[in-house]
Structures are given as structure tokens and as C-alpha cells.
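Undergrad: need a structure here:
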Amino acid sequence: MVNVKIMDWCKGCPVCYQACPAPVNVFELENGRPKVAHPEYCFACGLCAELCPAKAIVLEGFEMPYRLPFSESMKSLAKRII
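TA: The predicted structure is shown next:
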């Protein structure tokens, strides 16, 4: 299982919550701030970590290269979608 961590320097934006493609969202918003609520549904796509403006999401428990790195164009596209 992947261990999803939100680090202390999280700015509280909802990007990880909005970007999560898991069948059940890994994140929930509590008082407007994201928290990890359902880590068992994380399949380590890395979208939350890639899009986090504060780089405050850490995925542990899988070996790289589990996922392919996003190209700059994919990051740009994903930012426009969410």
C-alpha cells in the first residue's frame, strides 16, 4: 500500500483533492484544508504530488519508476483542467 503524506508546509490549497483520480478520493477537505482520508485507494499515479504548488505531497511505499514523470505540457494541461 502507498503511504500518502501531506507535509507541514502545505499551503492548504485544494489541488490534491481536485486532481485525485482514484475511484474514492484519497483526500478530503477539513476546514478548507486537505487531509489524507482514504490512502487505501491511492494507486500512486502521482498527480497530486506533481501538481502540488508547495510540493507538500509525498508518496511512499513504491519503487520508482512506478509511474512515468509528467512532461511540462501534461502538467500545463492538468492545471487547466482542475
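
Undergrad: Contact partners for Ile6?
TA: Ile6 makes contact with Cys16, Pro34, Lys35, Val36, Ala56, Ile57, according to Cβ atoms under 8 Å, 6 or more residues apart in numbering. Backbone N, C-alpha and C define where each C-beta goes, glycine included.

Undergrad: Name only those of those that count as buried.
TA: Cys16, Pro34, Val36, Ala56, Ile57 (16 or more other Cβ atoms under 10 Å).

Undergrad: and of these, the nearest to Ala44?
TA: Ile57 (11.4 Å; Cβ to Cβ).

Undergrad: From what I see, that closest one and Ala44 are in contact.
TA: No: shown here, Ile57 and Ala44 do not form a contact pair, counting by Cβ atoms under 8 Å, at 11.4 Å.

Undergrad: Quick check: closest non-adjacent residue to the residue nearest the centre of the chain.
TA: What sits nearest the mean C-alpha location of the chain, by Cα atoms, centre = their mean, is Cys48, with 1.9 Å. In space, and not counting its chain neighbours, Cys48 is closest to Cys16: 3.9 Å by Cβ to Cβ, 6 or more residues apart in numbering.

Undergrad: so Pro34 touches Met7, yeah?
TA: No: applying Cβ under 8 Å as the test, Pro34 and Met7 come out as separate, 11.5 Å apart.

Undergrad: tell me, what's touching the two both at once?
TA: Shared contacts of Pro34 and Met7 (Cβ under 8 Å, 6+ apart): none.

Undergrad: Tell me the confidence at Glu60?
TA: Looking at Glu60, its pLDDT is 86.

Undergrad: Phe43 now?
TA: For Phe43, pLDDT reads 85.

Undergrad: Could you tell me which other helices and strands the host helix or strand of the residue nearest to Cys48 packs against?
TA: According to DSSP states H and E, Cys16 maps onto helix 15-19. Secondary structure elements in contact with helix 15-19, counted by 3 or more Cβ pairs under 8 Å, 6 or more residues apart in numbering; DSSP states H and E, are strand 27-30, helix 47-51.

Undergrad: Figure out which of the ones you listed is closest to Pro21.
TA: Once the helices and strands packed on helix 15-19 are compared by Cβ to Cβ, helix 47-51 is nearest, at 6.4 Å.
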